[in-house]
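K.L.:
sequence and predicted structure below; questions after.
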Amino acid sequence: MNFDYNETQSLIAQSIRDFAEQNIRPHIMEWDEAQVFPVPLFKKLGEMGFMGILVPQELGGSGLGYHEYITIVEEISKVDPSIGLSVAAHNSLCTNHILTFGNEEQKKKWIPKLASGEHIGAWGLTEHNTGSDAGGMNTTAVRDGDDWIINGSKNFITHAVSAQIAVVVVRTGEKGDSKGITAFVVEKGTPGFSSGKKENKLGMRASETAELIFDNCRVPDANRLGEVGQGFIQSMKILDGGRISIGALALGIAKGAYEASLKYSKERHQFGKAISEFQGISFKLADMATEIEAAELLLHKAAFLKEQHRPVTTLGAMGKMYASEMCVRVATDAIQIHGGYGYTKDYPVEKFYRDAKLCTIGEGTTEIQKVVISRNILKD
């Protein structure tokens with residue numbers, strides 16, 4: 001086993017660090033407080049190749065693997081987790097769904113524009129009354145000749161307002177039937193397709209979250225991804241990779257909060273010495289560093305399995321669960337180390353604290369990850 005970055009990985013890590021420092025850090029609080037989703041930034045990310053990380057070069061992507069993907073999401077999230085979240089959602093959900101389950105014509109039509117950042121992608125699974133219970137969705141698609149008529153709505157959808165392309169997973173059979181669900185691509189401007197309420201969120205405020213609304217929205221059968229009835233199975237496979245994404249996001253948050261705390265603890269003096277010299281602080285830093293290391297190893301093992309095309313459901317869920325809960329603990333301790341200053345917007349840890357909590361909820365709550373893990377280990 002080799003735990004060092006290779007030359008390509010090192011160059012990628014440095015390029016995304018430089019990009020984030022120049023293009024993201026100066027605007028963090030401006031975007032956060034105004035809840036601005038900075039579309040021009042994502043065009044720049046596309047030019048750098050970070051909107052099609054896993055996409056083959058022949059389709060306009062970077063052709064990189066999951067180890068590089070974790071590094072990119074992590075490095076962005078160390079600076080601004082909300083931008084890391086949007087990069088992850090675009091790459092691992094919308095783009096990857098089309099890349100994995102689309103036919104050649106569909107891939108050539110949509111993937112190059114997604115990979116370049118010309119188009120931003122959304123992915124619609126969650127609904128108002130069906131969060132963890134995706135099989136109970138109410139949004140339907142009914143066949144009408146060569147078209148499908150979609151009615152209903154999706155909730156908590158990243159990029160619902162700004163996306164040009166949305167992959168939506170809807171019911172085409174009986175409610176509760178996992179084989180009665182199908183995925184479609186719906187393009188912005190399609191009659192009957194609109195965005196609704198934009199959520200006013202605790203954290204991740206520069207990552208846009210809103211409703212997708214379908215009112216007799218007519219979509220051609222050519223926009224169907226895979227076979228009728230395969231949408232739920234497809235979604236579960238996409239979420240396997242998505243969990244690695246959220247784990248990487250959580251890892252970046254934890255590293256950002258830890259690095260800020262380490263720096264502050266050396267600069268802040270009390271009772272005639274740096275607070276890092278007090279055991280109460282140094283032990284917190286030791287716990288942070290250890291848990292971050294453990295999460296990073298778990299996520300990269302999941303990435304290894306993913307690249308080997310081996311089953312990754314269990315380890316992906318473990319990585320997502322552990323990293324997301326870990327980042328909340330680290331962000332909480334970061335506030336404590338900063339004391340009163342940690343509770344102000346003059347220091348970065350209050351934002352890491354607000355942003356961290358989403359990682360335990362999005363793309364499957366911690367409780368759902370435990371369901372996935374326990375089911376799989378009990379099969380063995």
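P.N.:
Happy to help now that I have it.

K.L.:
how near is Asn23 to Ala248?
P.N.:
19 Å (CB to CB, to the nearest Å). All C-beta spots, glycine's among them, are computed from the backbone N, C-alpha and C.

K.L.:
kindly report the same for Val39.
P.N.:
Val39 is 23 Å from Ala248, by CB to CB.

K.L.:
okay, the two: which has more neighbours?
P.N.:
Using other CB atoms under 10 Å as the criterion, Val39 and Ala248 rank with Ala248 on top: 33 against 12.

K.L.:
which SSE is the more buried one in?
P.N.:
helix 231-267 (DSSP states H and E).

K.L.:
after that helix, next one along is what?
P.N.:
With DSSP H and E, the next secondary element past helix 231-267 is strand 269-270.

K.L.:
how far does that following strand sit from the chain's center?
P.N.:
39 Å (CA atoms, centre = their mean, to the nearest Å).

K.L.:
parallel or antiparallel, list what pairs with it.
P.N.:
In the sheet, strand 269-270 lines up against strand 273-274 (antiparallel) (DSSP bridges).

K.L.:
what about stretch 98-111, average pLDDT?
P.N.:
Mean per-residue pLDDT for stretch 98-111: 98.

K.L.:
pull the CA atoms of that stretch into CSV?
P.N.:
Extracted C-alpha coordinates of stretch 98-111, given in CSV (Å, rounded to 0.1, in the frame of the first residue of the first chain):
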residue,chain,number,x,y,z
ILE,A,98,-26.0,10.3,-17.1
LEU,A,99,-22.5,9.0,-17.5
THR,A,100,-23.3,5.7,-15.8
PHE,A,101,-26.7,5.0,-17.2
GLY,A,102,-27.2,7.1,-20.3
ASN,A,103,-26.8,5.7,-23.8
GLU,A,104,-24.1,7.0,-26.2
GLU,A,105,-26.4,9.5,-27.8
GLN,A,106,-27.4,10.9,-24.4
LYS,A,107,-23.9,11.1,-23.1
LYS,A,108,-22.7,13.0,-26.2
LYS,A,109,-25.7,15.4,-25.9
TRP,A,110,-25.4,16.4,-22.2
ILE,A,111,-22.0,15.3,-20.7
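
K.L.:
list the buried residues in it.
P.N.:
Ile98, Leu99, Phe101, Gly102, Gln106, Lys107, Lys109, Trp110, Ile111 (16 or more other CB atoms under 10 Å).
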